[in-house]
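*Asks:* everything below, folded, please.
(chains A and B)
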2 protein chains.
Amino acid sequence: MIKVVVDCFGADKGEQIMVQGAVKAVNECSDIQVVLVGDQSKIEEALNTETYKKEQIVVIHAPEGISNMDTPTIAIRQKKESSLVKALDLVKSDDDVAGLVSCGSTGAVLTGAFMKLGRIKGISRPALCPTLPTKTGGKVCIMDCGANMDCKPQNLVHFALMGNAYMQSMGIEHPRVALLNVGVEDKKGNELAKETFPLLQSLDINFVGNMEARELLSGDYDLVVTDGFAGNVLLKSTEGAILNLLSMLKTDIKSRFFSKIGAVFMGKTFKYLKKTLDYNNYGGAVFLGCKKVVVKGHGSSKAASVCACIQQVIAMHKANLIEKVTQALPNLATEENTESC
Amino acid sequence: MIKVVVDCFGADKGEQIMVQGAVKAVNECSDIQVVLVGDQSKIEEALNTETYKKEQIVVIHAPEGISNMDTPTIAIRQKKESSLVKALDLVKSDDDVAGLVSCGSTGAVLTGAFMKLGRIKGISRPALCPTLPTKTGGKVCIMDCGANMDCKPQNLVHFALMGNAYMQSMGIEHPRVALLNVGVEDKKGNELAKETFPLLQSLDINFVGNMEARELLSGDYDLVVTDGFAGNVLLKSTEGAILNLLSMLKTDIKSRFFSKIGAVFMGKTFKYLKKTLDYNNYGGAVFLGCKKVVVKGHGSSKAASVCACIQQVIAMHKANLIEKVTQALPNLATEENTESC
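*Replies:* Here you go, the predicted model:
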């Protein structure tokens, strides 16, 4: 039975949402066990109202939580009774555990995974890889999107290789990998992009060249490689623009009588948009490069999203992602970078 | 009479759109003269169908054009009969000329302005500063958004000072200046952001701290300072997300009978969105830091946008922008950076 460890602290809606997500996951998949780590009384209270096979859910008590207010490295070292640290210890020590799901502090989850689980041999930096819906109904991943602020070309090469293996494990045989840049021409960009471009060209992947930020949702790319600063800007500005546009639309509809009527007629269109754009349907961001799989869910996740995160861990485990990433590394002169993320 | 030079080559819709924009501008403002530089026969053909005071428009023949296919530095040096080079020579040599408007190749316009007009003393790098509409009905500027790929903290300090003076000349007394970052906390970001933060704090401007990319359109900021790579990603991903979302909306409406009816009722809402989001109402991106004002319009500009670009040049001239930028520079140890943009 494959186990998935869930850190129950940190979701905006508390332990209850994590429990509901776990129950949904075990009810959909009979060969998994979810280990819920966090405040036992709160978790059990939430479990009491749910129906599931008892052997598929285990609870481990962890009285403390690590929040966004904590300094990640200090918290991971000192808060030994926190749900995140206890969860990571379990992920590391139990061979049957496929990986971790957490909706808590991103900084703490990444730092904790890096410190506790360790990197895959040869990977200079693990990286965070979220998924966005495209306008053609597909998905696109960005890697890195916030774990590594200042990167070297070699880091981006590793992101491309890890991301490529990840996409393949998700069923995309020849992922179209692009480099984020300010133009599509080969020689464009900052020093990092210019140095990275020929390195990506030399890899045995389907590298399709530079991608302008404008094309992220076009459906023409599966994986966009960049440093964590630019990737974070790419992800957040895309999310922000969509949210702000929808908010403008909503406010204006409310202010006009005829628009309100129109909106009723357009119910199915709005439902389609909501469903397509809702990150709850896309699980979480995968933190790739550590020795076990880690999925970071949105703080504002709903039960469906927590369930999708658990399913992501299972799918990656079944696809032997860690082995594939290890094998994907060519005989590059790897730089044993010890910087923390 | 204030003169504005317009490079007529390079707009997607050709000379005609530049001519229409110029005619609109002179008809709205009796104390300006527009100098149209480009293919004389095409310009005069377009002028023939327009009504305007003859003394307000002058045509200068330039048989060549510089396109996106040209290497900017080489083209500026060699294509002496091109509309851009002739236009820049005129901007530089005639004291009555307030500045230049071009919808041509961005690289060529920026490189040409840098090489031909020269930098304001003390400015390490000129930068490109476009304007976007916010959800609260205001505007937000990004600086730099593509002219300088790899920046030092000192460059960003100059962007903040130039941008601040620009916003003031546009009537915003205390522009809220933010630093683009991956989080709002003071110590966040890549090395550039971390080193720049305290420098911006020490300036005599209304520095409001870090801004996450998600908040660009919130209306809480007037000017966002960043390097040209991240700024380009910020601008293009925001534009791309909006365009893609609108395209998804349109496609879905077309596919549903009731949604089509709803869209008719919502006509005014869609008109409001279109008007608010149409960059044609916001002129072009200002290239700040050279000795004369340069406004780069979208390649796909309409006449209204070309007119807005001309009005931008006039407004900045009347507000003594170049003098204000020069005065805005504190006694910093300026680095006489000679890199081209």
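
*Asks:* report the central residue of chain A.
*Replies:* residue A:285 (0.6 Å; Cα atoms, centre = their mean).

*Asks:* for that residue, give the beta-bridge partners.
*Replies:* Judged by DSSP bridges, the bridge partners of residue A:285 are residue A:296.

*Asks:* how close does it sit to residue B:238?
*Replies:* Applying Cβ to Cβ, to the nearest Å, the value for residue A:285 to residue B:238 is 21 Å. Every residue, glycine included, has its C-beta placed from N, CA and C.

*Asks:* check contacts around residue A:67.
*Replies:* Residue A:67 sits next to A:10, A:104, A:105 when contact means Cβ atoms under 8 Å, 6 or more residues apart in numbering or on different chains.

*Asks:* of those, select the buried ones using a PyMOL command.
*Replies:* The PyMOL selection below is limited to those of the contacts of residue A:67 classed as buried (16 or more other Cβ atoms under 10 Å in any protein chain shown):
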select buried, chain A and resi 10+104+105
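
*Asks:* among the contacts of residue A:67, find me the one that's closest to residue A:321.
*Replies:* Using Cβ to Cβ, residue A:104 comes nearest to residue A:321 of the contacts of residue A:67, at 22.4 Å.

*Asks:* and that closest one, helix, strand or coil?
*Replies:* The three-state assignment at residue A:104 reads coil, by DSSP: H, G, I helix; E, B strand; the rest coil.

*Asks:* now it: closest residue in space, sequence neighbours ignored.
*Replies:* residue A:10 (2.5 Å; Cβ to Cβ, 6 or more residues apart in numbering or on different chains).

*Asks:* so the one you found makes contact with residue A:299?
*Replies:* Yes: contact criterion Cβ atoms under 8 Å: residue A:10 and residue A:299 qualify, at 6.7 Å.

*Asks:* what touches both of these two?
*Replies:* What both residue A:10 and residue A:299 touch, as defined by Cβ under 8 Å, 6+ apart, is the set A:103, A:104.

*Asks:* so after the host helix or strand of residue A:252, what's the next helix or strand?
*Replies:* Assigned by DSSP states H and E, residue A:252 belongs to helix A:228-254. Using DSSP H and E, the helix or strand that follows helix A:228-254 in sequence is helix A:257-265.

*Asks:* quick one: the next helix or strand after that next one near chain B?
*Replies:* Where DSSP H and E defines the elements, the next helix or strand beyond helix A:257-265 is helix A:267-277. Yes: using Cβ under 8 Å from any Cβ of the partner chain, helix A:267-277 comes into contact with chain B via A:267, A:268, A:269, A:272, A:273, A:276, A:277.

*Asks:* out of the residues you listed, who's the most crowded?
*Replies:* Within the residues of helix A:267-277 next to chain B, most neighbours by other Cβ atoms under 10 Å in any protein chain shown means residue A:269, with 24 neighbours.

*Asks:* residue A:76: what secondary structure?
*Replies:* helix.

*Asks:* how many neighbours does it have?
*Replies:* Should you count by other Cβ under 10 Å, residue A:76 turns out to have 24 residues around it.

*Asks:* one more: residue A:187?
*Replies:* Residues near residue A:187, counting by other Cβ under 10 Å, number 11.

*Asks:* residue A:121 too?
*Replies:* Quick note: residue A:121 (other Cβ under 10 Å) scores 10 neighbours.

*Asks:* surely it is within a strand?
*Replies:* No: applying three-state DSSP, one finds residue A:121 to be coil, outside a strand.

*Asks:* for residue A:70, give its distance to residue A:113.
*Replies:* From residue A:70 to residue A:113 the distance is 16 Å (Cβ to Cβ).

*Asks:* any chance you could give me the helix or strand harbouring residue A:142 in PDB, C-alpha atoms only?
*Replies:* Element membership of residue A:142 [criterion: DSSP H and E] is strand A:139-143. What follows is strand A:139-143 as a C-alpha-only set of coordinates in PDB (Å, rounded to 0.1, in the frame of the first residue of the first chain):
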ATOM      1  CA  LYS A 139      -1.700  22.700 -19.100                       C
ATOM      2  CA  VAL A 140       1.600  24.500 -18.900                       C
ATOM      3  CA  CYS A 141       4.300  24.200 -16.200                       C
ATOM      4  CA  ILE A 142       6.800  26.800 -15.000                       C
ATOM      5  CA  MET A 143      10.100  25.800 -13.500                       C
END
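
*Asks:* can you give me how far it is from the chain middle?
*Replies:* Counting by Cα atoms, centre = their mean, to the nearest Å, strand A:139-143 is centred 10 Å from the centre of its parent chain.

*Asks:* does any bit of it sit next to chain B?
*Replies:* No: using Cβ under 8 Å from any Cβ, strand A:139-143 never reaches chain B; the gap is at least 10.2 Å.

*Asks:* what mean pLDDT would you report for that strand?
*Replies:* Averaged across strand A:139-143, the pLDDT comes to 95.

*Asks:* quick one on the thing from earlier: out of residue A:70 and residue A:113, which sits in the busier spot?
*Replies:* residue A:113 (30 against 18).
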